[in-house]
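Q: below are the sequence and a predicted model; questions follow.
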Amino acid sequence: MGSVSRVAKKEGTLGNAFDLIPDGIVICSLGGRIVDCNTAAVRQSGAKSKWNMIGTSLSSWVAEASERRPMDGDSLALGEPSRNVEYLFRRENCSVYPAEMSFFIIQTGAGSPPLRAVIIRDITQRKKMERELEESRETVRALLNATPDTAYLLNKFGTILAANETGARILGKRDDSIIGLNLFRLIPSDIAHIRREKMEEVYNTGAPARFEDQLLRRFYEISIYPVHGPDRRVTRVALFARDITERKQLEEKLQRYSEHLEDLVNEKTAQLRDAERLAAIGETATMVGHDLRNPLQVIINTIFLARTEVEEAPEDVRRKLEDLGFVKMFDAVDKQVDYMNKIVSDLQDFARETKPRLVNSSLSELILDSTPPSVPETVKISKELQTTAGFFDPYMMKRVMVNLMTNAIQAMPNGGEITIKTFDEGNNTVIKVSDNGVGIPEEFRPKLFKPLSTTKSKGTGMGLAVVKKIVTAHNGTIDVESDVGKGTTFTIRLPAPPQYGGPVDQLIGVKT
């Protein structure tokens, strides 16, 4: 009796322990019939009691078999002992739950067939956590891939723990193929050195770092953020690289534009000052020209009358006056009057509004009419006229040619040669006036056509300003080439009729 009670007590203790195990345990025969189960197995299956399970086939409680270990009819193809094979199990109410199944063989003693113990662990909560974790990973991956910036999650050694598609593409790889690789071995050493130093700084200080660098001829704005662990220590870093190449290019363009704008403002300011200066000069020129014209005409008339009186005087008186040099004085006064008249004409031409009256005109007549009446004997004038006609205002262009030829004569105090050439060049009529005089100094050329600017000791500086104004009014251009000690060439280009927008017979009276 004592031994029987001890056995019963032992079996009761084992039964209690069997029921206290939190995982479901099912004891099956070789045919897969359930011969016993614990309380956890009953709870997992939703059965009312273990007697609802005993005698049933284990396969009847399996809703979906693992691909690795399928169910075969009413028996469980267990084979050798196995651990943690996943199945979907069915509850009595037909709902299902995921579980891991492990089994092993129980030897029951001599003459009795072995049994199989099957441990069924409900992994519903684990599967839920895995799904939530996977959803979280997919969300993070989607967020990372949504940004065009490069993104990496790195440990303290630079190993890539996570990356988005942009970050992988920059390195010429897929996002899943760079996990576990060292970022600093995949980029040039000089860039890797800078980024590694900044990353170590973030690890040490716990503060984000931002800087710029250049990789493969692209500019990047780098941001490194610390990722803290439970103890608030930095365990990882997130590195983001934003491509700012276009922004850099725009900044450079803006810088160049700003510099150009400053030059443009200075240029426009100078033009405004020149315009104000020219307006003042024009107003003064108008007043001076008007005030000088009347007394100049009085001088001309007086000299004319004096010369007439001398010519009509008795011969002895006339001879006496000639001996005293009165005739030569009249000639000297005439020259000065001509010079003063030119000054007045230049002032008035500069001051008045320039509106050319374009007509088909003779270039040979223009040059002949423009030749000064008193050309020194030491100065020779040669002409090479390949083109004999052009469209211009004869009066205005005469003023241009007179001024250019007068300047040429004055540039050759010891004599020389003036060469006048005309020819066609595309749609332009070209007039060149050259001399072999003293030339124009380099430093004076930029202000050559500005009023009141002159290199001559005797001159107003208005002649070339008038020339420029008249040529510009014809929609033409004037250029100068000069070598000090060798001479100067002025080149005028006047546009042909098509640029005026009408036939030749409509050009008369055209205003520019």
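A: Looks like it arrived, so ask away.

Q: downstream of the helix or strand of the chain with the lowest mean pLDDT, the next helix or strand is which one?
A: The helix or strand with the lowest mean pLDDT-type score in the chain, counting by mean pLDDT, DSSP states H and E, is strand 75-76 (a mean of 42). Past strand 75-76, heading to the C-terminal end, the next element that is a helix or strand (DSSP states H and E) is strand 82-90.

Q: who are the packing partners of that next one?
A: Using 3 or more Cβ pairs under 8 Å, 6 or more residues apart in numbering; DSSP states H and E as the contact definition, the elements that strand 82-90 packs against are helix 39-45, strand 62-64, strand 96-106. (Each C-beta comes from the backbone N, C-alpha and C, glycine too.)

Q: can you give me the helices in the chain?
A: For the chain, applying DSSP state H gives helices covering 2-20, 39-45, 124-146, 165-170, 189-205, 245-312, 315-323, 326-351, 363-370, 394-410, 463-473.

Q: how much space between E132 and V467?
A: 89 Å (Cβ to Cβ, to the nearest Å).

Q: coming back round to it: quick one, which of the helices and strands packed on strand 82-90 is nearest to E246?
A: Go through the helices and strands packed on strand 82-90 one by one with Cβ to Cβ and the one that ends up closest to E246 is strand 96-106, at 51.0 Å.

Q: pull out the CA atoms of the closest one and give them to me as PDB.
A: Taking Å, rounded to 0.1, in the frame of the first residue of the first chain, the C-alpha atoms of strand 96-106 are listed here in PDB:
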ATOM      1  CA  VAL A  96      -7.100  30.100 -36.100                       C
ATOM      2  CA  TYR A  97      -3.900  31.100 -34.400                       C
ATOM      3  CA  PRO A  98      -0.200  30.800 -35.200                       C
ATOM      4  CA  ALA A  99       1.900  28.400 -33.200                       C
ATOM      5  CA  GLU A 100       5.400  26.800 -33.200                       C
ATOM      6  CA  MET A 101       5.300  23.000 -32.800                       C
ATOM      7  CA  SER A 102       8.100  21.000 -31.400                       C
ATOM      8  CA  PHE A 103       8.000  17.200 -30.800                       C
ATOM      9  CA  PHE A 104      10.000  14.300 -29.500                       C
ATOM     10  CA  ILE A 105       9.500  10.600 -28.900                       C
ATOM     11  CA  ILE A 106       8.500   9.100 -25.500                       C
END
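
Q: from now on call the first residue 19
A: With the count now opening at 19, the last piece we talked about shows up as strand 114-124.

Q: strand partners of that strand, parallel vs antiparallel please.
A: strand 100-108 (antiparallel), strand 133-140 (antiparallel) (DSSP bridges).

Q: tell me which residues of the longest one are tucked away?
A: By neighbour count on 16 or more other Cβ atoms under 10 Å, the buried set for strand 100-108 is E104, Y105, F107, R108.

Q: do the same with stretch 405-421
A: Residues of stretch 405-421 classed as buried: 408-412, 414-421 (neighbour count, 16+ other Cβ under 10 Å).

Q: surely T440 and L381 touch.
A: Yes - under the criterion of Cβ atoms under 8 Å, T440 makes contact with L381 at 5.1 Å.

Q: hmm, back to that, any chance of the buried residues of stretch 405-421 in JSON lines, with pLDDT and distance to D37 too?
A: Shown next, in JSON lines, are these (pLDDT from 0 to 100; distance: Cβ to Cβ, whole Å):
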{"residue": "G408", "pLDDT": "86", "distance to D37": "123"}
{"residue": "F409", "pLDDT": "86", "distance to D37": "121"}
{"residue": "F410", "pLDDT": "89", "distance to D37": "123"}
{"residue": "D411", "pLDDT": "87", "distance to D37": "124"}
{"residue": "P412", "pLDDT": "88", "distance to D37": "129"}
{"residue": "M414", "pLDDT": "85", "distance to D37": "124"}
{"residue": "M415", "pLDDT": "89", "distance to D37": "125"}
{"residue": "K416", "pLDDT": "88", "distance to D37": "130"}
{"residue": "R417", "pLDDT": "84", "distance to D37": "127"}
{"residue": "V418", "pLDDT": "88", "distance to D37": "124"}
{"residue": "M419", "pLDDT": "89", "distance to D37": "128"}
{"residue": "V420", "pLDDT": "87", "distance to D37": "131"}
{"residue": "N421", "pLDDT": "85", "distance to D37": "126"}
